[in-house]
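Novice: Structure of the sequence below:
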Amino acid sequence: MPSTRENIIDFLYDVKSTAFHAKRDKEILDKYPFNPFIRPGTSLGDAADWQGALIGHALPGGIVTRGAFEELAAEIIDRLTKIVASAGQIQGLWYDIHGAMCVEGIDDVEFELLRRIREVIGPDVLVSASMDLHGNVSRELAHQTDLITCYRTAPHVDVIETRERACRNLVDLLARGSKQPFKAWVPIPVLLPGEQTSTRVEPALHIYDAVPKIESLKGVIDAAIWVGYAWADEPRNRAAIVVTGWDRTAVSSGAESLAHTFWDAHQNFEFVAKTGSFGECLDTALSSSAHPYFISDSGDNPTAGGSGDMTWGLTKLLARPEFKQASGPTVIYASVPGPKAIQVAIEAGIGATVTVTAGAEIDNIHAGPITMTGRVHSIKHGDTHARVEVVLQVGSVFAILTELRKPYHHESDFTELNIQPRSADIVIVKIGYLEPELYDMAADWMLGLTPGGVDQKLERLGHHRIRRPMWPFDKTFEKQPDLTARIISPSNEPLSGPDE
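Specialist: The predicted model follows:
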């Protein structure tokens, strides 16, 4: 990475094993969101004896320490070993992953974990993976799975549907008693942020509309398109197609059709909303009659992997003269972590005026810690992510401070803090495209092209390990990319042939 250390890989904090909030054994079946369709009394629940090993979900951001990965991976392997020993053998495994985790010293961690799992369950056990479409599918990962699928919407409103599809495909495959199906994989030299590939708008809308059409072809089980993860710098980061099925010709032609549909539109991807600098967004919001007017402070979006503790946006906001007085336009800003600021506010109590310093403990590249004097508007304890939240009113700005970083995606995230986003003039959130609840609340919105670890202007981040040429890093290609389907050998056979 460049010496400016602007890329997320360089400066974000290390993610520890405790950040994954692991669940084990029956906890998984009881509390995981997918349990409505695998519990007893449902078609999938009665089709198999489901047993949980370990699942964990961490708020995105930063490199997972090697120690944290090894700790959790070892526990997964240990629990699977015991399950296999108790059952004598297992027939299938559901591998539910995001697909873009970064771990110290490992470039393709989802493959590496599955490789270790295969050492326990064996090469013949059928594995069905479900993923986020912002994950990465390397040739090696495709090889180690028998079935692999991903979301078809962004924002993701089909999470449960995708997980159910992965489980149902696995059960159906086991019921057939057949060998592993064919898998056609096509890598595409495109790497774009989700905010340019939202299925709300073209061209992603028509690209993803083509997926069910391919899946409906005779001899095809599943079809999937990944756009990849744009803010890491690994050789696997790029778009990809996988089509799975019983008919080799059908899966190959289907994968190539989707690949060409994607590539033919690669120059047409645009942002999902009006964009501008932070200042331009504020100017537009102030002149607009649409309220609440939402602004995405996108460069520090924690759900995309940003540190969440940048103060750049809040610093710029509080410097504006329009918001200096309490009588100014009402603005909500979410959020900046500040454990010490939280403690000061708690000790002073609601209604007190305090001076606190917060933020920039992790990412201080663009702005340092921010010092503010304001009135403590509200305090909330017990949030899953933030732990403790404080709202500080500075002029007409209601700034949310947190003990630990937190994304703000739901109306209740605000109302539980005694602030009403629907009544505000401007709501600023560290996010990319607006999640569904925010999108529905917004009278209008803009995507702020702000700096940070998940900068939407990818070329500023200094990628140097991705495969080149790659759009949009390279605007011209000496020759058309090879979009022929690569038939990936079954997981119980050696992987052979070139990676491209």
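Novice: all helices for the stretch 1-150 of the chain, in order.
Specialist: With helices called from DSSP state H, counting those that start in this stretch, the stretch 1-150 of the chain shows them at 8-11, 26-31, 43-47, 66-87, 109-121, 139-144.
Novice: among these, which is nearest Arg152?
Specialist: Nearest to Arg152 among these is helix 139-144; the distance by Cβ to Cβ comes to 18.1 Å. For the C-beta atoms, the positions are set from N, CA and C on the backbone; glycine is no exception.
Novice: That closest one - contacts with which helices or strands?
Specialist: With contacts defined as 3 or more Cβ pairs under 8 Å, 6 or more residues apart in numbering; DSSP states H and E, helix 139-144 has these neighbours: helix 109-121, strand 182-188, strand 486-488.
Novice: rewinding a little: could you dump the helices of the stretch 1-150 of the chain to a markdown table with mean pLDDT, distance to Glu202 and mean neighbour count?
Specialist: Listed next are the helices of the stretch 1-150 of the chain as a markdown table, based on pLDDT from 0 to 100; distance: least, Cβ to Cβ, whole Å; neighbours: other Cβ atoms under 10 Å:
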| stretch | mean pLDDT | distance to Glu202 | mean neighbour count |
| --- | --- | --- | --- |
| helix 8-11 | 38 | 28 | 20 |
| helix 26-31 | 81 | 38 | 14 |
| helix 43-47 | 85 | 35 | 14 |
| helix 66-87 | 96 | 39 | 15 |
| helix 109-121 | 98 | 30 | 19 |
| helix 139-144 | 97 | 28 | 22 |
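Novice: Tell me which of the ones you listed lies nearest to Thr402.
Specialist: helix 8-11 (19.4 Å).
Novice: which SSE is Thr244 in?
Specialist: According to DSSP states H and E, Thr244 maps onto strand 239-245.
Novice: Against which helices or strands is that strand packed?
Specialist: Applying 3+ Cβ pairs under 8 Å, 6+ apart, one finds that strand 239-245 contacts strand 147-150, strand 182-188, strand 220-226, helix 248-264.
Novice: try it again with 6 Å
Specialist: When contacts are defined as 3 or more Cβ pairs under 6 Å, 6 or more residues apart in numbering; DSSP states H and E, strand 239-245 packs onto strand 182-188, strand 220-226, helix 248-264.
Novice: quick revisit: would you reformat the helices of the stretch 1-150 of the chain as a markdown table and include distance to Ile342?
Specialist: Listed next are the helices of the stretch 1-150 of the chain as a markdown table, based on distance: least, Cβ to Cβ, whole Å:
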| stretch | distance to Ile342 |
| --- | --- |
| helix 8-11 | 23 |
| helix 26-31 | 28 |
| helix 43-47 | 43 |
| helix 66-87 | 25 |
| helix 109-121 | 33 |
| helix 139-144 | 41 |
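Novice: which one of the ones you listed lies closest to Arg200?
Specialist: helix 8-11 (24.8 Å).
Novice: which non-adjacent residue is nearest Glu411?
Specialist: Leaving aside its chain neighbours, Glu411 sits nearest to Glu437 (5.6 Å; criterion: Cβ to Cβ, 6 or more residues apart in numbering).
Novice: my guess is that neighbour is in a strand, correct?
Specialist: No. Read with DSSP: H, G, I helix; E, B strand; the rest coil, Glu437 is helix and lies in no strand.
Novice: what's the neighbour count on the residue lying closest to Gly349 once chain neighbours are set aside?
Specialist: In space, and not counting its chain neighbours, Gly349 is closest to Val376: 6.6 Å by Cβ to Cβ, 6+ apart. Val376 has 21 neighbouring residues, counting by other Cβ atoms under 10 Å.
Novice: and Val376, helix, strand or coil?
Specialist: What three-state DSSP gives for Val376 is strand.
Novice: Quickly note the distance from it to Val201.
Specialist: Applying Cβ to Cβ, to the nearest Å, the value for Val376 to Val201 is 41 Å.
Novice: Over to Cys281?
Specialist: Remark: distance between Cys281 and Val201 (Cβ to Cβ) = 19 Å.
Novice: Which of the two has more residues huddled nearby?
Specialist: Using other Cβ under 10 Å, the more surrounded residue of Cys281 and Val201 is Cys281, with 26 against 15.
Novice: What is the one helix or strand the more buried one maps to packed up against?
Specialist: According to DSSP H and E, Cys281 maps onto helix 278-287. Contact analysis of helix 278-287 by 3+ Cβ pairs under 6 Å, 6+ apart lists strand 444-448 as its packing neighbours.
Novice: If I take the strand it packs on and helix 278-287, what angle do their directions form?
Specialist: 170 degrees (axes from the mean of the first three to the mean of the last three Cα atoms, to 10 degrees).
Novice: Parallel or antiparallel, which strands does strand 444-448 pair with?
Specialist: Here strand 444-448 is paired, per DSSP bridges, with strand 275-276 (parallel), strand 293-297 (parallel).
Novice: which one of those lies closest to Arg24?
Specialist: The closest of the strands paired with strand 444-448 to Arg24 is strand 293-297. By Cβ to Cβ, the value is 36.3 Å.
Novice: After the closest one, which helix or strand is next?
Specialist: Following strand 293-297 in sequence order, the next helix or strand is helix 312-318 (DSSP H and E).
Novice: just the CA coordinates of that following helix, formatted as CSV?
Specialist: Extracted C-alpha coordinates of helix 312-318, given in CSV (Å, rounded to 0.1, in the frame of the first residue of the first chain):
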residue,chain,number,x,y,z
TRP,A,312,-13.9,14.4,9.1
GLY,A,313,-17.6,14.7,8.3
LEU,A,314,-18.7,15.9,11.7
THR,A,315,-15.8,18.4,11.8
LYS,A,316,-16.9,19.9,8.4
LEU,A,317,-20.6,19.9,9.6
LEU,A,318,-19.9,21.8,12.8
